[in-house]
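# fold the stuff below for me.
(chains A, B and C)
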Amino acid sequence: MYTQAMDLAPQDERLALQATGDAEREARFEAHVAAGGWVEPKDWMPDHYRRTLVRQISQHAHSEIVGMLPEGNWVTRAPTLERKTILLAKIQDEAGHGLYLYAAAETLGTSRDEMLAALHSGQAKYSSIFNYPTLTWADIGTIGWLVDGAAIMNQVPLTRCSYAPYARAMVRVCREESFHQRQGFSSLLTMMKDGTGEQRAMVQDAVDRWWWPCLMMFGPPDGQSVHGAQSARWGIKRVSNDELRQKFVDACVQQAEVLGVTLPDPDLKWNDARGHWDFGAIDWSEFWRVVGGHGPCNRERLAARVKAWDDGAWVREAALAHAQKQAARAAKTLEAA
Amino acid sequence: MSAAGNEWPLWEVFVRPKAGLEHKHCGSLHASDAAMALQLAREVYTRRQEGASVWVVPSAMVTASDPAEADMYFDPMQDKVYRHPSFYPLPAAVDHM
Amino acid sequence: MTTLTSIRLRDTPALRHVLRYGDTALIHAQRLTEWCGHGPVLEEDIAFSNMGLDLLGQARSLLAHAAVIDGQDFDADALAFLRDEAQFFNFTLAEQPSRRSSAHSPGADFADMVLRNFILASWFKQGYAALQASADAGLAAIAAKSLKEVRYHQQHNAGWVVRLGDGTPESTRRMHAALDRAWPYVAELFSHDAVDDWAQASRHGPARAGLGVGWDRDVDDVFAEAGLVRPPGTPFISTGSQGVHSEHLGFILAEMQMLPRRHPGARW
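As a prediction, this is how the structure comes out:
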């Protein structure tokens, strides 16, 4: 989902690379990965593999960072001190996840500055779900339940990604992520089971608004994924969009029942033959609109990140200047000694 | 990290989770100096009580073996199994050694 | 869980004394969280939220303790979300603008924030250290745990005061501007009133004035390293610790308290 638009990289890029004559090394690389082998930072890798991973890992990192914003929106308004604490800890984890992922991407030869420049220019993508607004406190619990739930589903297979630094970062992320989904679900459960009529209405309204965008998180249907096959061969993407989406729906239907909320899909029906829940048609025009920059919050989210970066330039420069001054003083002292 | 490309240097972080264990590499971060690197390492990598001690090393100072020479460096170890305890079957009564 | 939308605590020196610590921690934490996702560098966002989490933890313990002293069966949440401005006893410094500007006031920058973090952490370090000897055992225990946290906050933010004070010409200029904005609110941290008299006489805690020596030493050390000079004192003394606040607290509470007040008695 962090690479919803990744799979649509131009075909010509691929063809240009094949002309380099690294065909033999690439064949050995493919065999190594197919056999379940790890790829570490200093190992030889096809350029396309490297570039695909930089894009996927950095977009995953950008998603974590941008994801802090819709939730950060409600920290000052959390209704109890405990909920405020939990939410702050969750947002902090997201910053940490972004950090682990930027670090993993940097091992491939890119820099934090380069990746952020790509994000701020609008060139790099982040998960489309964060372009939706958090309008009520129930949105926070809903994000925990559905958005983090979807993320976990996507992330567990990534712990077996062939690129080891990414896999290791994902192990750390998954360990920390389960509390995110649980706290969201528990918040909704309290409102539905012990809450007022207004709270229950707040929860249902949030679910109505977030359900379909969450299904879109898993990306376009498999048929539309151009490079899905190659990513699968390279152990970057081990489970298809549609498979993950179905798994998600199956899990959520049961969870929705526990909560006592209605999922806003009149076509949801158990299909005995398939052993899965059938669900209604997704409005893919909405997905493409949002991925293309025209969702409710795209401009705000990007503007917030750009502003934070620009406003912070003097701070980062000062820190570096001070470090350089300290180094110069230390050198002088050594000289004088 | 500025327009001029003056980035904060990268540091590798090693954490000893508990007294008696070794420091383990757990990731990296950007910091402008060693004091900041240490503090940030504590903030980022020991939030869940995973730390008794932290080392930070500028990434540029790490010397790594060349994976292209991995066979030369590491394969000779494969046939020296007498270094491994499992090479010596012992009666069950004393096998806990 | 009360169904009231507003509560009134008993007004005693014991209560005011605890709430000076608890409310300062709470309001400062609230201001800190405005930086979540908006800091100059990702790693520092994590540091700021760690500090916020520590302060929230201190606030929860202190407010729960205050509720016990008050004896009306309220809990920490009731105190945080259902008291009006005049019953908050935080230092006025803590409620000053943070990252966000508002209709009537410009926002603060990173220099303002790290300076405020440093000033308050340094004050808490002196305060909690003395509180460890409190005749109120519960308060002493909270202080012992909190002391470890604020010592780290002080060290971390002192690092920033030095880097910014002794960084680039721009950072030095901004640090001086931050000093000018913050300094008028420092006198309150060490002034004296009937609550200080009570705290000292009952051995529940230190009088604020006594905390000045240790605080001065810490601050002077860091300012010297940072190349910063204290602004001159003025006759102004802020009065948040007496329940008379600046215009900012009203806006802070309106935002912080809106949900419990809109949904009285609701569980979350």
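# how about the residues of the stretch 201-337 of chain A near chain C?
A:304, A:307-309, A:311-319, A:321-323, A:325 (Cβ under 8 Å from any Cβ of the partner chain). C-betas here are computed from N, CA, C, even on glycine.
# in the longest helix along chain B, what's buried?
Ranked by residue count under DSSP state H, the longest helix found in chain B is helix B:34-45. By 16 or more other Cβ atoms under 10 Å in any protein chain shown, the buried positions in helix B:34-45 come out as B:35-45.
# after it, next one along is what?
With elements assigned by DSSP states H and E, the helix or strand that comes after helix B:34-45 is strand B:53-58.
# give me the neighbour count for A:G72.
23 (other Cβ atoms under 10 Å in any protein chain shown).
# my error: substitute B:D33 in the last question.
19.
# would you map the strands across chain B?
With DSSP state E as the criterion, chain B has strands at B:10-16, B:24-30, B:53-58.
# tell me which of those sits nearest to C:T5.
Nearest to C:T5 among these is strand B:24-30; the distance by Cβ to Cβ comes to 45.4 Å.
# tell me if I'm right that C:A66 and C:A25 touch.
No: look at C:A66 against C:A25 with Cβ atoms under 8 Å: they stay out of range, at 11.6 Å.
# between the two, tell me which one has more neighbours.
Higher neighbour count among C:A66 and C:A25: C:A25, with 27 against 24, using other Cβ under 10 Å.
# quick one: mean pLDDT for the strand or helix carrying that one?
According to DSSP H and E, C:A25 maps onto helix C:13-32. Computed over helix C:13-32, the mean pLDDT rounds to 98.
# report whether it contacts chain A.
Yes: shown here: helix C:13-32 in contact with chain A (Cβ under 8 Å from any Cβ) through C:Q30.
# what packs against that helix?
Secondary-structure packing of helix C:13-32 (3 or more Cβ pairs under 8 Å, 6 or more residues apart in numbering or on different chains; DSSP states H and E): helix C:42-70, helix C:110-131, helix C:194-201, helix C:248-256.
# low-confidence ranges, the chain, go.
Just so you know, I chose chain A. Applying pLDDT under 70 to chain A flags residues A:1-21, A:225-228.
# actually it's chain C I care about, not the one you picked
By pLDDT under 70, the low-scoring segments of chain C are C:1.
# what residues does it put near chain B?
C:41, C:43-44, C:46-47, C:50, C:155-156, C:159, C:163.
# residues touching the closest residue to chain A within the stretch 1-150 of chain C, list them.
Closest to chain A within the stretch 1-150 of chain C is C:P40: 2.5 Å, counting by Cβ to the nearest Cβ. Applying Cβ atoms under 8 Å, 6 or more residues apart in numbering or on different chains to C:P40 gives the contacts A:308-309, A:311-313, A:315-316, C:110.
# circling back to that earlier point, now the residues of the stretch 201-337 of chain A next to chain C: which count as buried?
Counted by 16+ other Cβ under 10 Å, those give A:304, A:308-309, A:311-312, A:314-319, A:321-323 as buried.
# quick check: chain neighbours aside, which residue is closest to A:L146?
Leaving aside its sequence neighbours, A:L146 sits nearest to A:C214 (Cβ to Cβ, 6 or more residues apart in numbering or on different chains; 4.4 Å).
# quickly find the element holding the one you found.
helix A:197-216.
# who's the closest spatial neighbour of B:P9, skipping the chain neighbours?
Nearest non-adjacent residue to B:P9 (Cβ to Cβ, 6+ apart): B:P58, at 5.8 Å.
# does that neighbour touch B:S28 like I think?
No: look at B:P58 against B:S28 with Cβ under 8 Å: they stay out of range, at 10.2 Å.
# these two - which one has more neighbours?
Neighbours per residue (other Cβ under 10 Å) separate B:P58 from B:S28, with B:S28 holding more: 25 against 13.
# distance of that one relative to A:A103?
From B:S28 across to A:A103, the span is 4 Å (Cβ to Cβ, to the nearest Å).
# what do you get for C:D23?
For C:D23, the distance to A:A103 - Cβ to Cβ - is 39 Å.
# OK, contacts around C:H104?
C:E247.
# for chain A, what's the nearest residue on the stretch 151-268 of chain C?
Closest point on the stretch 151-268 of chain C to chain A, by Cβ to the nearest Cβ, is C:G167, at 2.9 Å.
# check the gap between that residue and A:K325 for me.
The span separating C:G167 from A:K325 equals 8 Å under the rule Cβ to Cβ.
# same check on A:Y132?
From A:Y132 to A:K325 the distance is 46 Å (Cβ to Cβ).
# get me the contact residues on the stretch 1-150 of chain A for chain B.
Counting by Cβ under 8 Å from any Cβ, the stretch 1-150 of chain A sits next to chain B at A:40, A:42-44, A:92, A:96, A:99-100, A:103, A:106, A:111-113, A:116.
# buried ones only from these, please, as a PyMOL command.
The following PyMOL line selects those of the residues of the stretch 1-150 of chain A next to chain B that are buried, judged by 16+ other Cβ under 10 Å:
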select buried, chain A and resi 92+96+99+100+103+106+111+112+113+116
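# on that earlier part again, could you dump the residues of chain C next to chain B to a markdown table with neighbour count?
Putting the residues of chain C next to chain B into a markdown table (neighbours: other Cβ atoms under 10 Å in any protein chain shown) gives the following:
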| residue | neighbour count |
| --- | --- |
| C:V41 | 24 |
| C:E43 | 22 |
| C:E44 | 25 |
| C:I46 | 26 |
| C:A47 | 25 |
| C:N50 | 21 |
| C:Q155 | 15 |
| C:H156 | 24 |
| C:G159 | 21 |
| C:R163 | 27 |
